[in-house]
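Asks: Quick one: sequence and predicted model below, then my questions.
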Amino acid sequence: MTKIGIIICARYITCGGGKCLRAMREHVGGFAKYPYDEQLELVGFSNCGGCPGGNIEYVPEEMIKNGADVIHFATGMVVGYPPCPYIKQFKDFIELYYKIPVVIGTHPIPLKYYNTHHLLSSWKTMKMEEICRPLMTEDKKIMESYN
Ligand code: SF4
């Protein structure tokens, strides 16, 4: 069993979390790294607090108190227009300060966003392909099913 905290981009604060929870159930996207028969439990769901992400400093503490083994950044941080410019700093801070692993990504990248981002410069500038390679190399049929 792995206990998971999810932090989403505050631009999508009204999101119902449907894609993230579906991906947890299907073990795809950022959750593909866990064996299919491993139970995943959501123990925290919050947002960054709005640019430039003040809640990143505090919210992991509550997730850890509730048993989180790992924190996932929602895929919206990667696929938003523009992507969150602080992803790498957030991950570095949480892993250093709270000593808990951070995975970039929850649900698969919807194929329509993947295709559009490849026509834009932001992913290249941010080296996004390196930062979250598992999301980027996911089967395109799975990405399409999350459009
Ligand atoms: S772009 Fe980054 S800092 Fe700004 S609201 Fe989204 S996750 Fe937070």
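Replies: Perfect, I can see it now. Since this is a predicted model, take the numbers as computed values, not measurements.
Asks: The spatially most distant residue from the centre of the chain and Y113: what is the separation?
Replies: In terms of distance from the mean C-alpha position of the chain, L119 ranks first, at 21.9 Å (CA atoms, centre = their mean). For L119, the distance to Y113 equals 11 Å [CB to CB, to the nearest Å]. C-beta here means a position set from N, CA and C on the backbone, and glycine is covered the same way.
Asks: Could you do S121 as well?
Replies: From S121 to Y113 the distance is 15 Å (CB to CB).
Asks: same question, G17
Replies: 17 Å.
Asks: and Y81, how many neighbours?
Replies: 10 (other CB atoms under 10 Å).
Asks: Doesn't it lie inside a helix?
Replies: No: using DSSP: H, G, I helix; E, B strand; the rest coil, the secondary structure at Y81 is coil, not a helix.
Asks: coming back round to it: between S121 and Y113, who's got more neighbours?
Replies: Y113 (18 against 9).
Asks: Could you look up the SS state of that one?
Replies: Per three-state DSSP, Y113 ends up helix.
Asks: Check what pLDDT it gets.
Replies: Per-residue pLDDT puts Y113 at 96.
Asks: Can you name the residues that contact the closest residue in space to it that isn't next to it in sequence?
Replies: In space, and not counting its chain neighbours, Y113 is closest to V79: 4.2 Å by CB to CB, 6 or more residues apart in numbering. By CB atoms under 8 Å, 6 or more residues apart in numbering, the contact list for V79 reads I109, P110, Y113, Y114, H117.
Asks: Now do the closest residue to the last one other than its chain neighbours against E95, distance only.
Replies: Once its chain neighbours are removed from consideration, H117 has its nearest residue in W123; the separation is 5.0 Å (CB to CB, 6+ apart). The spacing between W123 and E95, counted by CB to CB, is 22 Å.
Asks: Compare neighbour counts for the two and give me the winner.
Replies: More neighbours surround W123 than the other of W123 and E95, with 20 against 14 (other CB under 10 Å).
Asks: from the chain's centre, how far out does the helix or strand where the more buried one lies sit?
Replies: W123 is part of helix 122-126, with elements assigned from DSSP states H and E. Relative to the chain's own centre, helix 122-126 is displaced by 17 Å; criterion: CA atoms, centre = their mean, to the nearest Å.
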